[in-house]
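1. build me a structure from this.
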Amino acid sequence: MKLNQLKYFLKIAELGSVSAAARELYIAQPALSNQISALEKTLGVSLFTRTVKGVQLTPAGEKLVHHAGLILRQVENARADVISDAISPRGEVRLVVDASKAYTLLPLLVTEAARRFPEVQLKLSDAMSIVASQHVADGKVDMGLIPNAADLSDVEVLPVYRESMYLVGKDLGAGHDGKTILFEQLSEYPLVAPARPHNVRMHIEQTALETRRPLNICYEQNTGLGLRCMINSGIANGIIPRDVMSVELQRGELDALKVVQPSIDRVHALVRLKDRPVTTACRAIEGLVIDVITTLCEQNILDGEALQRSEG
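-> Just a heads-up that it's a prediction; the model follows:
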C-alpha cells in the first residue's frame, strides 16, 4: 500500500464518486481508478461497488476507512513531531473529555491551547465515559480525560483530579443542613442516571451495594443533555459532580447536597494507549490539561483536588 493510494481511497469514500474525487484531487479519472485498482489488487479485496449514484464501500472498504485514517494521521503526526520541539510544539492532538467535565473544561482548554501552542491543532470532543474509553481503545483519539480509568487495559493512566459527587435537583434543602446528605437518605429521591455499564451508574450502585442502601433510579439517560433536561425539569434528581450544573446552581434554580457517610468520590485520569507514540504536541496538551484543572481547583470552579502539579 502507498500513502497516496490511501489518500485517494479516503477521498472517494468521502465523496461517494470517483469523478468527484478526481476533480477535487486534480487527478485524471482513469489515473485515479488505476490507483484504486492497484490498491485492491495489493489487498486482494474489492473496496467499492458501483451504483447508479456513484460508488459504495464494501465491508472490506468500510474496515479500511478506519485504518487508512489512522495511518495517514500517524504519518502526519510523525512529520510534525520531528520538526517540533518543547518550546514550539506542532501537530494535531485529539482529546476526548468525559461529558461531566465538558462544560467546565472545554472553553478554557480551547482558548489556552490556541494562545500557548498556536501550531498545535487541538481536536477536542466530549462523550460519556464508556464512549470516551472506547474512543481511546480504538485509537480514534490520542488521549482521554476519563473517570475511574484504573479498570481499563493496555493503557497508561495518569490521575489528575479527584472529585466528590452531589445530589443535584430542585428544592432539596428541606430537612438537611443545606450542604450535605447522608447516603442512606438518597433512597428517598427519584433519580436519573445513565444505564449500565456507564461509569457513574456502576460507581454509585457499587457504593449502594457495599452499604446495603438501595437507590431509587427511576429514569435512564445516556447523554449529558438528557441528564441535564431531566434534572432541570424537576422530574428527577442526579448524583453528579457539582460543576456539571454550576450555572443553574448559581442562579438558585437547583440545589446541590454533597453525599457523605460514605462519600462518593472518583478520580479523573489522562489515559492513552501504551503502544501509541507520544508526540511533543501530546505532551504539551497533557501539561495544559493539568494546568487548567489546577487553576480551576484553586479558583473553586472545580469542586475537587488536583492530583498533579501545575507548571503554570
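
2. what's whichever helix or strand Leu209 is part of packed up against?
-> Using DSSP states H and E, the element containing Leu209 is helix 199-211. Using 3 or more Cβ pairs under 8 Å, 6 or more residues apart in numbering; DSSP states H and E, the elements in contact with helix 199-211 are helix 129-137, strand 143-147, strand 191-193, strand 238-240, strand 265-273. Quick note: C-beta positions are derived from backbone N, CA and C, even for glycine.

3. for the record, mean pLDDT for whichever helix or strand comes after the fourth one?
-> Counting by DSSP H and E, the element after strand 238-240 in chain order, helix or strand, is helix 246-250. The average of the pLDDT scores along helix 246-250 is 90.

4. check stretch 132-148 too.
-> Mean per-residue pLDDT for stretch 132-148: 90.

5. which parts of that stretch are buried?
-> 132-133, 135-137, 139-148 (16 or more other Cβ atoms under 10 Å).

6. CA atoms only for that stretch, dumped as CSV, please.
-> Extracted in CSV, the C-alpha atoms of stretch 132-148 (Å, rounded to 0.1, in the frame of the first residue of the first chain):
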residue,chain,number,x,y,z
ALA,A,132,-14.8,8.1,25.7
SER,A,133,-13.0,4.9,26.8
GLN,A,134,-13.8,3.2,23.6
HIS,A,135,-12.5,6.1,21.6
VAL,A,136,-9.2,5.7,23.3
ALA,A,137,-9.2,1.9,22.9
ASP,A,138,-10.0,2.2,19.2
GLY,A,139,-7.2,4.8,18.6
LYS,A,140,-9.7,7.4,17.5
VAL,A,141,-8.2,9.9,19.9
ASP,A,142,-4.6,10.4,21.2
MET,A,143,-5.8,10.6,24.9
GLY,A,144,-8.8,11.0,27.0
LEU,A,145,-9.7,12.5,30.4
ILE,A,146,-11.8,9.7,31.9
PRO,A,147,-13.1,8.9,35.4
ASN,A,148,-12.1,5.7,37.2
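
7. so where's this protein uncertain?
-> Scanning the chain with the threshold set as pLDDT under 70 gives 77, 80-81, 83-87, 174-177, 310-312.

8. for Val254, which residues are in contact?
-> Actually, residue 254 is Leu rather than Val. The neighbours of Leu254, taking Cβ atoms under 8 Å, 6 or more residues apart in numbering as the test, are Val168, Gly169, Lys170, Ile231, Asn232, Met245, Glu248.

9. pipe those into CSV and attach secondary structure, neighbour count and distance to His203 per row.
-> Converted to CSV, these look like this (DSSP: H, G, I helix; E, B strand; the rest coil; neighbours: other Cβ atoms under 10 Å; distance: Cβ to Cβ, whole Å):
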residue, secondary structure, neighbour count, distance to His203
Val168, strand, 24, 16
Gly169, strand, 25, 19
Lys170, coil, 15, 24
Ile231, helix, 24, 18
Asn232, helix, 15, 23
Met245, helix, 24, 18
Glu248, helix, 17, 23
